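[1] Here you go, sequence then predicted model.
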2 protein chains.
Amino acid sequence: MKLTSKGRYAVMALVDLAKFNNLNPVSLRDISIRQGISLDYLEQIFSKLRKKEIVQSVRGNQGGYVLNKKAKEIKLTNIFEAVDEKVKTLQCKKESKKGCNGKSTKCLTHNLWDELENHINDFFEKKSLEDLIKDNIERRL
Amino acid sequence: MKLTSKGRYAVMALVDLAKFNNLNPVSLRDISIRQGISLDYLEQIFSKLRKKEIVQSVRGNQGGYVLNKKAKEIKLTNIFEAVDEKVKTLQCKKESKKGCNGKSTKCLTHNLWDELENHINDFFEKKSLEDLIKDNIERRL
DNA sequence: ATAAACCTGACTAAAATAGTCAAGTATCTT
DNA sequence: AAGATACTTGACTATTTTAGTCAGGTTTAT
């Protein structure tokens, strides 16, 4: 089980953005340089974040991106959802009515994966961008 | 983020094994049929489980596999470890001394992924095979 | 002997990942 | 109006991982 880099980068970029999000928009170019993420890749990621209204774009010279909500209101869940990073443990969830594997019962471990998903999503649900930024400042990375 | 089928199958197979683990060894063939997992694939998985001493093999005619410990003592962590299913969220962990990305500091979200890993591992650490079997019986699938 | 079942290692098709590349469009500054 | 900056979009691709298959064993109960 692993997290994809799209999810990781999205969070990194947003923390960076939030830190520098004073009055002026932050350009992807700056984030790219500071975080060592390819500009083209960042563009893909921010396109998705914008569609989910997590950030707003400011076009033109001196443009960039701005948070569209307060850092407190942006949960990790929202970010991951936006970039299609999902916690998926079950193959069997598709056939909702019946069981897994095309059988009439749930597979032996169905409930386990359900629990696990909830456990992980709880974590994401509780953490906000603000939490991450505070954590950063405190530890003075 | 997703769990691979190797991990899922390992757990499914072990629950099956534990349920039928009375006096006689359980053959992979039976598990294969009951759980709908390819026999060849099961052999790969059980080879790993055997090396980690989670199961014991009984060769020859009427052979099969037996649990090597009490179901209570086999935690999900052990199973996942055995089949190389790891929770890995960080790329940055490799360069231990210095920071991530080859920089001298940790990346902005380093602590986050650390916390996440711990959160998930806690879950795996607490769940034993026995828990899963009980859960199965109670809910009568 | 022979059949059942474990054992091992090499191989591979398909999917996912982690990007790159190209060709725009919008808007600010001068 | 021109140019620069920066967002926007979509197609493309190399690499890696996954999820197995396949072939050819070895061991042991009957």
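    Here it is on my side, so go on.

[2] Quote the end-to-end distance of stretch A:58-76.
    Stretch A:58-76 has its terminal residues 23 Å apart, counting by C-alpha to C-alpha, to the nearest Å.

[3] Now do the buried residues in that stretch.
    A:G64, A:Y65, A:V66, A:L67, A:A71, A:I74, A:K75, A:L76 (16 or more other C-beta atoms under 10 Å in any protein chain shown). C-beta here means a position set from N, CA and C on the backbone, and glycine is covered the same way.

[4] and which of these is nearest DNA strand C?
    Of all these, DNA strand C sits closest to A:G64, with 10.6 Å by C-beta to the nearest atom of the strand.

[5] Not including adjacent chain positions, what is the nearest residue to that closest one?
    Distances taken as C-beta to C-beta, 6 or more residues apart in numbering or on different chains place A:P25 nearest to A:G64, at 3.3 Å, with adjacent residues excluded.

[6] Likewise for A:D16?
    Excluding the flanking residues, the one nearest A:D16 by C-beta to C-beta, 6+ apart is A:I31, at 5.1 Å.

[7] does that neighbour really touch A:K19, like I thought?
    No - assessed by C-beta atoms under 8 Å, A:I31 is found out of contact with A:K19, at 10.3 Å.

[8] Give me the more crowded residue out of these two.
    Ranked by neighbour count (other C-beta atoms under 10 Å in any protein chain shown), A:I31 and A:K19 place A:I31 first, with 25 against 17.

[9] tell me the phi and psi of the more buried one?
    Main-chain torsions, A:I31, degrees, to the nearest 10: phi -60, psi -40.

[10] What of A:V58?
    Per-residue torsions, A:V58: phi -120, psi 110 (degrees, to the nearest 10).

[11] mind checking how far it is from A:L49?
    Computed as C-beta to C-beta, to the nearest Å, the A:V58 to A:L49 distance reads 14 Å.

[12] joint contacts of those two?
    Counting by C-beta atoms under 8 Å, 6 or more residues apart in numbering or on different chains, the residues touching both A:V58 and A:L49 are A:Y65.

[13] For the helix-or-strand element of chain A with minimal mean pLDDT, which residues meet the burial criterion?
    Among the helical and strand segments of chain A, the one scoring lowest on mean pLDDT, DSSP states H and E is helix A:129-139, with a mean of 88. Neighbour-count burial for helix A:129-139, counted by 16+ other C-beta under 10 Å, picks out A:L129, A:L132, A:I133, A:D135, A:N136.

[14] show me what contacts the fourth one?
    Which is A:D135. Neighbouring residues of A:D135 by C-beta under 8 Å, 6+ apart: B:N111, B:L112.

[15] And for the first one?
    Each residue near A:L129 by C-beta under 8 Å, 6+ apart is listed here: A:L14, A:V15, A:A18, A:L67, A:A71, A:K72, A:I74, A:K75, A:I79.

[16] so which of those comes closest to B:C107?
    A:V15 (9.3 Å; C-beta to C-beta).

[17] check which helix or strand covers that closest one.
    Using DSSP states H and E, A:V15 sits in helix A:5-19.

[18] For that helix, C-alpha coordinates in PDB please.
    Presented in PDB, the C-alpha positions along helix A:5-19 are these (Å, rounded to 0.1, in the frame of the first residue of the first chain):
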ATOM      1  CA  SER A   5       3.300  11.200  -5.600                       C
ATOM      2  CA  LYS A   6       0.400  13.100  -6.900                       C
ATOM      3  CA  GLY A   7      -1.200  13.100  -3.500                       C
ATOM      4  CA  ARG A   8       2.100  13.900  -1.800                       C
ATOM      5  CA  TYR A   9       2.900  16.800  -4.200                       C
ATOM      6  CA  ALA A  10      -0.500  18.200  -3.900                       C
ATOM      7  CA  VAL A  11      -0.200  18.500  -0.100                       C
ATOM      8  CA  MET A  12       3.300  19.800  -0.300                       C
ATOM      9  CA  ALA A  13       2.400  22.400  -2.800                       C
ATOM     10  CA  LEU A  14      -0.600  23.600  -0.900                       C
ATOM     11  CA  VAL A  15       1.400  23.900   2.300                       C
ATOM     12  CA  ASP A  16       3.900  26.000   0.400                       C
ATOM     13  CA  LEU A  17       1.200  28.000  -1.100                       C
ATOM     14  CA  ALA A  18      -0.500  28.600   2.200                       C
ATOM     15  CA  LYS A  19       2.700  29.800   3.800                       C
END
